[in-house]
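Participant: Here is the input, now give the coordinates:
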Amino acid sequence: MPSIADQLSAALGDAFASLELPRELGRVTPSKQNPEVFPFQCNGAMPAAKQAKTNPRELAGKLVEFLHGLPQIGAAEIAGPGFINLRPAEHLYSERAAEIAADERAGADVVETPRKVMIDFGGPNVAKPMHVGHLRSSVLGDSLQRLFRFRGDEVVSDIHLGDWGLQMGHLITELEDEQPDLPYFDAAITDGYPSEPPVDIEDLARLYPQASAKAKSDEARLERSRAATAELQAGRPGYRALLKHFIDVSVAALKKDFGALGVHFDLWKGESDADPLIPGLVEDFKARGVAEESDGAWVVRVAREGDKKELAPLILVSKTGAALYGTTDLATILDRKQTIGPDLTLYVVDLAQSDHFEQVFRAAEKAGLAAEGALEHVKFGTVNGKDGKRLRTRDGGTFRLADLISSAIQRADERLKEAGLAADVGAEEHDRVARMVGLAAIKFADLQNYRTTNYVFDLDRFTSFEGKTGPYLLYAAVRVKSLMRRAEEAGVKPGSIQADAAEERDLVLSLDAFGAALDQACENRAPNTICDHAFTLAQAFSKFYSACPILSAEDDVVKASRLALAQATLKQLELCLHLLGMEAPERM
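Facilitator: Here you go, the predicted model:
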């Protein structure tokens, strides 16, 4: 089911091939000059002329001559130094619209060769409440898993909890100071520990910063935490039992936060799950010469000839015999290779971790744990306040994600009341609509930016029903739903699509661009192209709705045609919202 653009590209490809030039030069793109008359253009004549050592306009003339009379081409002309402007044949609009309307995938193809894709969310640390810094990894990672699944890949997502580092030693020792009589701290007790945790999430949120602050100014306090961490990793039963409590309490709180955000994972594994594989991995690296000794530590040298900047070796085992974060990441890669076998693993983690992942990926490739290019860091920028710095609370503290979500829903509720929307539904339904609008506001605001871009968090702007916002898209979908209900009440049913008016054709072209937007979003690991497409589609529908009467059309055939076009728009728009992790209410 090729798009109109693909059909035109095929025709241009044949034209170039007739002149013994590469077919790929015939690729067409949406026109930026005079798109109302010529929606597409091909720029291949210029590089082709250079290759053939001829004049670009003369070459373009031969190509246009070849195109004359082809069923896909409505008109073709030469512009400028050799650009070719194209208008599709009239029948393509209606035919393509009918295909999109009948397709449950709204015109998007599946991949020819599905892959097994692993998405690592670089999850939050145990014992630390989620904050605004986790927003981007959560929203971006969730959209990516939706995109790749929809495209036909098999996706496994893993939160990858941080549960194995020094913070565990901090928690253990601080809890011991507060409750020294707990059985976990008696080395002589090796089993029979209480099933109920001795702490809740608020305790953990308090204990960790207390211990961390003390350790920064007290070397002896830091050494206690390091020693506790080492004993935990060595398998001390009481500490392992405490770790399980810490994880259980944290996961329960995290599931609540992620649930509020509408983000879900296939796996809830952590760094500690890979620990049993570390001893064997280290010995294997040593035996095969992947790792070498350096000043008492074991390292993997990952620098390569031609590197533009120096990349330090990955420390596999420290001088003290401890395995570090890189070691745990390598063991996780091994674990996934043995249990899942992904073709591609995407690590959705902020830009600051770029060097770390470069070290890990190179070490994994060197050791044969992953093929080149099979591990990829999907990096992203920061969420900032209006001062241009990372978003903070008014007192300068970390902005909790739960508070951010609550603020967005509250502002969405206010916006609905200000606009007189969702006023004729019950209180429970109104609250549900406010939640949808609030989540759409913060998700779309995040995803509409290319992922490496920093952006300023502006809740007033994000919750507006005007402009390029999530609430605007939800309202656009609700308008079409209302139209479909009124049509059903009037006994009007969708029929065959005949796209004759300019606004109808523009809407068809917007619908037709969905597949290309999906491909680009997956290729770049960047859902902003879906945001752009959804907004363009909503705008095109608004123009169509204003210019082309639907239920009031005098001709029943026209009425049914336009209703079918509206129905196809709704299907694709709701699909875009789903891929972005958003949902439109039935009424607003």
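
Participant: can I assume residue 313 is in contact with residue 298?
Facilitator: No: using C-beta atoms under 8 Å as the test, residue 313 is too far from residue 298 to be in contact (9.7 Å). In this view, the C-beta of every residue, glycine as well, is placed from N, C-alpha and C.

Participant: Please enumerate the helices of the stretch 351-500 of the chain.
Facilitator: Here the stretch 351-500 of the chain has its helices, by DSSP state H, counting those that start in this stretch, at 354-366, 401-419, 427-447, 459-462, 470-489.

Participant: Buried ones in the fourth one, by neighbour count?
Facilitator: Along helix 459-462, the positions that meet the burial threshold by neighbour count (16 or more other C-beta atoms under 10 Å) are 459, 462.

Participant: which other helices and strands contact that helix?
Facilitator: helix 401-419, helix 427-447 (3 or more C-beta pairs under 8 Å, 6 or more residues apart in numbering; DSSP states H and E).

Participant: Distance to residue 276 and mean pLDDT added to the helices of the stretch 351-500 of the chain, as TSV?
Facilitator: Compiled in TSV, the helices of the stretch 351-500 of the chain are given as follows (distance: least, C-beta to C-beta, whole Å; pLDDT from 0 to 100):
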stretch	distance to residue 276	mean pLDDT
helix 354-366	18	97
helix 401-419	32	93
helix 427-447	37	96
helix 459-462	45	94
helix 470-489	43	97
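
Participant: got the buried residues for stretch 373-387?
Facilitator: Within stretch 373-387, judged by 16+ other C-beta under 10 Å, the buried ones are 374-375, 377-385.

Participant: now the residue nearest to residue 15 when sequence neighbours are not counted: how far from residue 141?
Facilitator: For residue 15, ignoring the flanking residues on the chain, the nearest one in space by C-beta to C-beta, 6 or more residues apart in numbering is residue 66 at 4.1 Å. Counting by C-beta to C-beta, to the nearest Å, the gap from residue 66 to residue 141 is 47 Å.

Participant: just to revisit the earlier point, let me know which of the helices and strands packed on helix 459-462 is tucked in deepest.
Facilitator: helix 427-447 (a mean of 22; mean count of other C-beta atoms under 10 Å).

Participant: got the angle between that helix and helix 401-419?
Facilitator: 110 degrees (axes from the mean of the first three to the mean of the last three C-alpha atoms, to 10 degrees).

Participant: For helix 427-447, name the packing helices and strands.
Facilitator: By 3+ C-beta pairs under 8 Å, 6+ apart, helix 427-447 packs against helix 135-151, helix 401-419, helix 459-462, helix 470-489, helix 528-547.

Participant: Contacts made by the shortest one with the rest, please.
Facilitator: Right, helix 459-462. Under the contact criterion C-beta atoms under 8 Å, 6 or more residues apart in numbering, helix 459-462 has outside partners 407-408, 411, 441-442, 444-445, 467, 469-470.

Participant: go with 10 Å
Facilitator: Helix 459-462 has contacts (C-beta atoms under 10 Å, 6 or more residues apart in numbering) with 404, 407-408, 410-412, 414-415, 438, 440-446, 448, 467-471.

Participant: one step back: between the helices of the stretch 351-500 of the chain, which one is closest to residue 205.
Facilitator: helix 401-419 (11.7 Å; C-beta to C-beta).

Participant: chain center to the closest one: distance?
Facilitator: 23 Å (C-alpha atoms, centre = their mean, to the nearest Å).

Participant: Now the helix or strand where residue 60 lies: buried residues?
Facilitator: According to DSSP states H and E, residue 60 maps onto helix 56-67. Across helix 56-67, burial judged by 16+ other C-beta under 10 Å covers 56-57, 59-60, 63-64, 66-67.

Participant: same check, this time on stretch 470-483
Facilitator: 470-481, 483.

Participant: cool, and stretch 305-314?
Facilitator: 313-314.

Participant: Residues touching it, excluding its own?
Facilitator: 291-292, 294, 297-304, 324-327, 329-330, 355-356, 358-364, 366.

Participant: make it 6 Å
Facilitator: 299-303, 326, 359, 363 (C-beta atoms under 6 Å, 6 or more residues apart in numbering).

Participant: got it, and stretch 501-514?
Facilitator: Looking at what lies outside stretch 501-514 - C-beta under 6 Å, 6+ apart - the contacts are 3-4, 39, 93, 96-97, 100, 107-108, 499, 536-537, 540, 543-544, 547-548, 572.

Participant: Then stretch 60-79?
Facilitator: Against stretch 60-79 from outside (C-beta under 6 Å, 6+ apart): 7-8, 11, 15, 18, 45, 82, 84-89.

Participant: same check, this time on stretch 479-490
Facilitator: 563, 566, 570, 586.

Participant: circling back: report the buried members of the contacts of stretch 501-514.
Facilitator: Using 16+ other C-beta under 10 Å, the buried members of the contacts of stretch 501-514 are 3-4, 39, 93, 96-97, 100, 107-108, 499, 536-537, 540, 544, 548, 572.

Participant: Assess the claim that residue 211 and residue 174 are in contact.
Facilitator: Yes: taking contacts as C-beta atoms under 6 Å, residue 211 lies within contact range of residue 174: 3.9 Å.

Participant: Can I get the helices and strands packed on helix 427-447 in a markdown table including distance to residue 246?
Facilitator: Output for these, formatted as a markdown table (distance: least, C-beta to C-beta, whole Å):
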| stretch | distance to residue 246 |
| --- | --- |
| helix 135-151 | 21 |
| helix 401-419 | 19 |
| helix 459-462 | 33 |
| helix 470-489 | 35 |
| helix 528-547 | 37 |
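
Participant: So for residue 182, which of those helices sits nearest?
Facilitator: Comparing the helices and strands packed on helix 427-447 by C-beta to C-beta, helix 401-419 comes nearest, at 28.8 Å.

Participant: check contacts around the most centrally placed residue in the chain.
Facilitator: Central residue check for the chain by C-alpha atoms, centre = their mean: the C-alpha nearest the mean position is that of residue 140, 3.0 Å away. By C-beta under 6 Å, 6+ apart, the contact list for residue 140 reads 348, 380, 451.

Participant: Among those, which lie within strands?
Facilitator: Using DSSP state E, the subset of the contacts of residue 140 located in strands is residue 348.

Participant: coming back round to it: kindly reformat the helices and strands packed on helix 459-462 as a markdown table containing distance to residue 487.
Facilitator: Formatted as a markdown table, those follow (distance: least, C-beta to C-beta, whole Å):
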| stretch | distance to residue 487 |
| --- | --- |
| helix 401-419 | 25 |
| helix 427-447 | 23 |
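
Participant: So which of these is nearest residue 31?
Facilitator: Of all the helices and strands packed on helix 459-462, helix 427-447 comes closest under C-beta to C-beta, at 27.0 Å.

Participant: Need the contact partners of that closest one.
Facilitator: 136, 139, 143, 408-409, 412-413, 416, 422, 462-463, 470-471, 474, 527, 531, 580-583, 585, 588.

Participant: hmm, 7 Å instead?
Facilitator: 135-136, 139-140, 143, 262, 404, 408-409, 411-413, 416, 422, 462-463, 469-471, 473-474, 527-528, 531, 580-583, 585, 588 (C-beta atoms under 7 Å, 6 or more residues apart in numbering).
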